[in-house]
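*Asks:* Pasting a predicted model and its sequence here:
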Amino acid sequence: MIIRHIRDSLHYFVDVGANIGMWTETALRAPDVRGGLLLEPSEEAVAILTQRFGAAAALRILCAAAGDTAQEVVFYEEPGAGETSSVVFGASDSRCRAKAVRMTTVDAEIGQLGWSSIDYLKIDAEGYDFHVLRGASKLLAAKRVAIGQFEYGDAWRLSGNTLTFALHWLADLGYECFLLKGSGLYTPRPEEYGEYFGYSNYVFCNSDSKALLGSLLRHTHL
């Protein structure tokens with residue numbers, strides 16, 4: 001929904017946890033995409049991504065996990081490019097197999113690409129989302145990420161993270177967060193509903209980019 005709303009302003013994007021590229025496919029429909037970075041540690045998923053998007057000169061497809069450090073980590077990969085494959089132990093299907101994969105950071109990869117900014121940072125890391133955000137802290141501190149999105153859910157408890165801390169951390173960097181619902185974007189109130197660990201998506205933006213979200217913003221709290 002967000003991508004369709006800001007499509008005319010989407011030039012550079014990052015898709016962390018690209019899986020088989022459903023989100024990327026929507027992003028590529030924007031009229032002036034100049035660069036896209038896809039990070040995905042599943043070899044099966046990367047093979048599908050390469051088959052689907054390999055001819056797109058603007059895209060870089062990287063077979064790696066994203067986090068807050070550059071290291072080798074264990075990745076629990078589900079068969080058939082399963083959507084809940086994760087570096088978080090216990091987040092994936094019991095049929096998963098553990099394998100070593102390379103982990104990098106969004107800061108490092110964007111530095112390599114030489115992009116001045118990211119118009120949209122999408123994160124779907126099955127419980128590891130806040131680690132991915134911390135790995136983009138330099139970009140965020142410099143306000144070089146216009147709008148972003150991350151997934152929240154039960155696997156956050158397994159990775160030792162909380163939504164409350166993530167929202168405060170982003171606020172300290174100058175980003176406002178909203179709960180994404182089918183009817184728009186709402187101001188969250190974790191101080192009232194606590195850590196519910198239910199599947200949700202949150203959108204964040206800096207003050208310069210808030211206007212792009214326009215009519216999606218709802219002046220009520222959830």
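*Replies:* Received, thanks. Numbers count the residues shown, from 1 in each chain.

*Asks:* what ranges do the helices span in this protein?
*Replies:* Secondary structure of the chain (DSSP state H): helices at 2-5, 22-27, 43-53, 106-113, 129-134, 137-141, 155-159, 163-172, 190-193, 210-213.

*Asks:* Give me whichever of those is most buried.
*Replies:* Of all the helices of the chain, helix 129-134 carries the top mean neighbour count, a mean of 24, counting by mean count of other Cβ atoms under 10 Å. To be clear about C-beta, it is placed using only N, CA and C from the backbone, and glycine gets the same treatment.

*Asks:* With just CA atoms, put that one into PDB.
*Replies:* Extracted C-alpha coordinates of helix 129-134, given in PDB (Å, rounded to 0.1, in the frame of the first residue of the first chain):
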ATOM      1  CA  ASP A 129      14.200  -6.600  12.200                       C
ATOM      2  CA  PHE A 130      15.600  -4.400  15.000                       C
ATOM      3  CA  HIS A 131      19.100  -5.700  14.400                       C
ATOM      4  CA  VAL A 132      18.700  -4.800  10.700                       C
ATOM      5  CA  LEU A 133      17.600  -1.200  11.800                       C
ATOM      6  CA  ARG A 134      20.700  -0.900  14.000                       C
END
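
*Asks:* one step back: among the helices of the chain, which one carries the weakest average confidence?
*Replies:* Lowest mean pLDDT within those: helix 190-193, at a mean of 85.

*Asks:* among the helices of the chain, which is nearest residue 91?
*Replies:* Among those, the nearest to residue 91 by Cβ to Cβ is helix 155-159 (3.8 Å).

*Asks:* which residue sits farthest out from the middle of this protein?
*Replies:* residue 192 (25.5 Å; Cα atoms, centre = their mean).

*Asks:* quick one: stretch 58-72 to chain centroid distance?
*Replies:* 12 Å (Cα atoms, centre = their mean, to the nearest Å).

*Asks:* I should have written stretch 110-128 there, sorry.
*Replies:* When C-alpha coordinates are averaged (Cα atoms, centre = their mean), stretch 110-128 and its chain have centres 7 Å apart.

*Asks:* Between the two ends of that stretch, how far is it?
*Replies:* 19 Å (Cα to Cα, to the nearest Å).

*Asks:* what bridges to residue 13?
*Replies:* residue 36, residue 120 (DSSP bridges).

*Asks:* got a list of what it touches?
*Replies:* 27, 33, 35, 36, 37, 118, 119, 120, 121, 122 (Cβ atoms under 8 Å, 6 or more residues apart in numbering).

*Asks:* What distance do you get for residue 213 to residue 168?
*Replies:* 21 Å (Cβ to Cβ, to the nearest Å).

*Asks:* nope, residue 43 is what I was after
*Replies:* Remark: distance between residue 43 and residue 168 (Cβ to Cβ) = 36 Å.

*Asks:* and if you look at residue 74?
*Replies:* For residue 74, the distance to residue 168 - Cβ to Cβ - is 29 Å.

*Asks:* what's the answer for residue 96, then?
*Replies:* Taking Cβ to Cβ, one finds residue 96 at 32 Å from residue 168.

*Asks:* same check, this time on residue 200
*Replies:* Residue 200 is 17 Å from residue 168, by Cβ to Cβ.
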